[in-house]
Every structure is written in C-alpha cells, then in structure tokens.
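>>> turn this into a model:
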Amino acid sequence: MVWRLLMAALLVIAGAQAGMAQDVTFRTYKDVAGFSCEFPSDWDFDQARNFDRIFTSAKAPDATIIIQVIEQDKAAEKTVAGQLEALKQQLLRAPDGRILNEGTAPIAGQQVPYLIAGYTALDTADTQRAFRHIQMVVTTPRAFLLMSYSAPDESFDQEMRVFQNCSATLQIEAAGTPAPPVSSQPAPQQPAPEQPAPQPPAAPEGQAQDTEVPDAVAPGSEETLIWRHNTDRDFWIAVPSTWSNKADQSEPYSVDMQHPDRVEGVIVFVVDMTKTSKVKEYADAWELVLADKIFFMKNRLAVPQKDHPGVGLAKTPGILREYQGEINGATVRSVAAYVVNKKRGFTVVGYHFLGDAQGEKRIRAAVESFRLAAP
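Numbering: from 1, shown residues only. Prediction:
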C-alpha cells in the first residue's frame, strides 16, 4: 500500500514540469576502517591501489585530500610522533621541500600533531608550481590515519576549509569492529580489492521470466556476462552470470539482480504511467518521491548528469545520475539510468561498495547495457 501511494505521487509529479536545483551539501563519508567525516557533495572519492582514500573536486583539480590507513601492528613506526617524523622527512626530500609550521590541534577527542610544508611539484597541467601541504596523524583503536591536504599556494587557503571540515567532523568508532583492508606503510599503488560486505535486503521470491545468452566463456565467473531478456516488461540487460535474478510483481514492478555474497548488483524498476513524461521530469519525480526510500539512493551526488549510451530505440534518450547511501554503517555508491518509452518509465540502478573499483566497473557496464530492443 505504501509503495502504491508513493507511485501515485510519482505519476502526478512526473506529468508536471519539474525543476529541482541540486545544491551542493555536505555528506558523510563512512569508511570500513572505523572512521567517518564530512565532505561537500561536489567532492568525489576514489581508492588508490594501495588503499589510500583520495578526495578531489573538479572545481579544484590540483587540490587533494588523502587519508591513508596504516595498521599499527604492522607499522614500522609504532608511535604517532614516529609516523609524523617519517612523513616530515619525505616532504623535506621533495624539490624545495621545507617545513613552514608545526603544532597540535584538537581532533576527534585527541591532540593531533600536524605540520605544514612547502615544495615544488607539477600540477595537473604539468606546470611546475609551489604547493603547500598539511599533514597530520590521528590514531584509531587499531590504525594510524595519515590525513593530508595539498594544493597550490594561491588556492591553498580557499580549499583548506574542506580539509578543516573533514577534520572537525572526524569520528572514530570504538574497538571491536572487523579489521578492514589497510596498509602497513605507504606503498606503490596496486589494484583495488574486492570488498566483502553485508548483503542488501533480498527481493521477494519469484523468478523473472527471461532468456539468458552467454556473452563470454568460463561460466560461473563474475566476469562472464549474459544478456537477460525480461519478457514481462520486454527489456534486455547484460550482467555477470553469477548474479541472482528475482522479480517482484508489485508496484513498481522490479527485477533484482545481485552478487551472491557482496553488496553489488542492479535493480530494474518499471513504472506504468497514466501519460508520457520527459525523461528528466521522470527522474526528478523519482528522486523527490522514491529515492530516499532506497538505501543506496539516499543522497544525489553533485556529479554532472550524463547521457545513457542508448537503449536501442530511436528518440528514446536515457540519462545517468549518481547517488550514495549506506548499509550497516558502510558507504554504498550507485548509478541510475532513467528511461521513458511512451507511458512506461524505467529506473535501472546499480550499486556497489564504496572503494570497490571492480564492482563499480561491473555495475556501470550493466546499467549502461540496458536496452529496450534486442542487442
């Protein structure tokens, strides 16, 4: 009944002209290493191959915030002072490296030591520029957090507020949570790992009617893709062969395809509307009425909207938007495709555990493969 009421509201809103401005707001980043902090929604996250958490913004391409997690038991330096001294020596070895200031600051209930350094480095345009760099070391029950912010001299103070907000909102979980992937010391970048995490709530039972066509060899591998043709609502999508395939006939109709033991998958929602709608109006209405009811679509990210590669029908455009939410305290990212064909709206949303680069690659490929005509 709740879904039906929500859908009724969606149909009314989708039929009207919609204009929803997306303001930049602060959102909470929660890490499996047992800490959280806030970043503006127009800052993006990536995880390096050595597990460093990297935050950047398209508006300030040369400003970077990095949080590295160093496992205390395996660290060469066993104290906060030792960790900061090792980082200090690295900065002094940089071209024109020098220490500008040192001190302590109250962060997450600790007196955290920090230093500010200057050096010369190439920017994103390969131009030599003077940079400033602030470095601090925070302790958690089982790790050191090496938190840094760097930017060219002329923009350092402007973007510093983002790092200050991250530090001011830093929260550290108590001991007892499972140990996450961490580094023993700073290391060259390596491929990001597959991150295990709790399963999202399972969809109601009921096998979707489909036909499955292998798109690669080695059946049973999560890298083996199959085209699934849903004959209930007549759409195609290419997904890993190991993913489940369950349909829910209630409103909105949905097909849930998810990884057997990881937060990763795609759900296709199909909405039968009373009249046709422009795809942007449909997407705006979905966000207004339904997105915050879905755990991995709680917050719209300030990432530019993109066009879907194509659904196989002329004059049937699709758009892509990105979101973030959480499950059991872990951050989950998602990308959604919105498509409208006549009086039927499709929302194809793929979700993955934050920092799982391979999972992100699979769900994006699946969402972008969605078609309303045979491939």
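
>>> how near is the residue in the chain sticking out farthest from the centre to Gly118?
For the chain, the residue at maximal distance from the C-alpha centroid (Cα atoms, centre = their mean) is Asp96, at 36.0 Å. Distance from Asp96 to Gly118, counting by Cβ to Cβ, to the nearest Å: 7 Å. Quick note: C-beta positions are derived from backbone N, CA and C, even for glycine.

>>> quick one, phi/psi of the residue farthest from the centre of the chain?
phi 60, psi 30 (degrees, to the nearest 10).

>>> thought it was touching Ala121?
No - applying Cβ atoms under 8 Å as the test, Asp96 and Ala121 come out as separate, 9.1 Å apart.

>>> ok, now which ones touch the closest residue to Asp31 other than its chain neighbours?
Of all residues not flanking Asp31 in the chain, Arg53 sits nearest, at 6.6 Å (Cβ to Cβ, 6 or more residues apart in numbering). By Cβ atoms under 8 Å, 6 or more residues apart in numbering, the contact set of Arg53 is 29, 31, 45, 47, 66-69, 355.

>>> phi, psi for Arg53 please.
Backbone torsions for Arg53, taken as degrees, to the nearest 10, come to phi -90, psi 120.

>>> could you do Lys74 as well?
Backbone torsions of Lys74, given as degrees, to the nearest 10, read phi -110, psi 0.

>>> tally of neighbours for it?
Lys74: 11 surrounding residues under other Cβ atoms under 10 Å.

>>> kindly report the same for Ala174.
For Ala174, using other Cβ under 10 Å, the count is 8.

>>> and what of Gln305?
Neighbours of Gln305 under the rule other Cβ under 10 Å: 13.

>>> repeat that for Arg371.
If you count neighbours by other Cβ under 10 Å, Arg371 ends up with 21.

>>> for it, list each beta-bridge partner.
Following DSSP bridges, Arg371 is listed with bridge partners Trp236.

>>> Ala285 - how many residues pack around it?
Considering only other Cβ under 10 Å, Ala285 is surrounded by 26 other residues.

>>> check which helix or strand covers it.
Assessed by DSSP states H and E, Ala285 sits inside helix 279-289.

>>> need the overlap of contacts for Asp96 and Gly118.
Ala130.

>>> residues in contact with Asn366?
That one is not Asn; residue 366 is Ala. Going by Cβ under 8 Å, 6+ apart, Ala366 touches 237-240, 257, 266, 350.

>>> about what we covered before: which ones among the contacts of Arg53 map onto helices?
Under the assignment DSSP state H, those contribute nothing to helices.

>>> confidence-wise, which of the residues you listed comes last?
pLDDT across the contacts of Arg53 is lowest for Gln47, at 76.

>>> is it true that that one touches Ile54?
Yes - here Gln47 reaches Ile54: they are 7.0 Å apart, a contact under Cβ under 8 Å.

>>> returning to what we had before: ok, so of the contacts of Arg53, who is nearest Gly329?
Asp31 (9.5 Å; Cβ to Cβ).

>>> okay, now Ile66: neighbour count?
When neighbours are counted by other Cβ under 10 Å, Ile66 registers 17.

>>> who's in contact with it?
If you count contacts by Cβ under 8 Å, 6+ apart, Ile66 has them with 52-55, 146-148.

>>> are any of those buried, and if so which?
Using 16 or more other Cβ atoms under 10 Å as the burial test, the contacts of Ile66 include 52-53, 55, 146-148 as buried.

>>> now the two most distant members of the residues you listed.
Maximum pairwise distance in the buried ones among the contacts of Ile66, criterion Cβ to Cβ, is 13.8 Å, between Phe55 and Leu146.

>>> overlap in contacts of those two?
Residues touching both Phe55 and Leu146 (Cβ under 8 Å, 6+ apart): 66-67.
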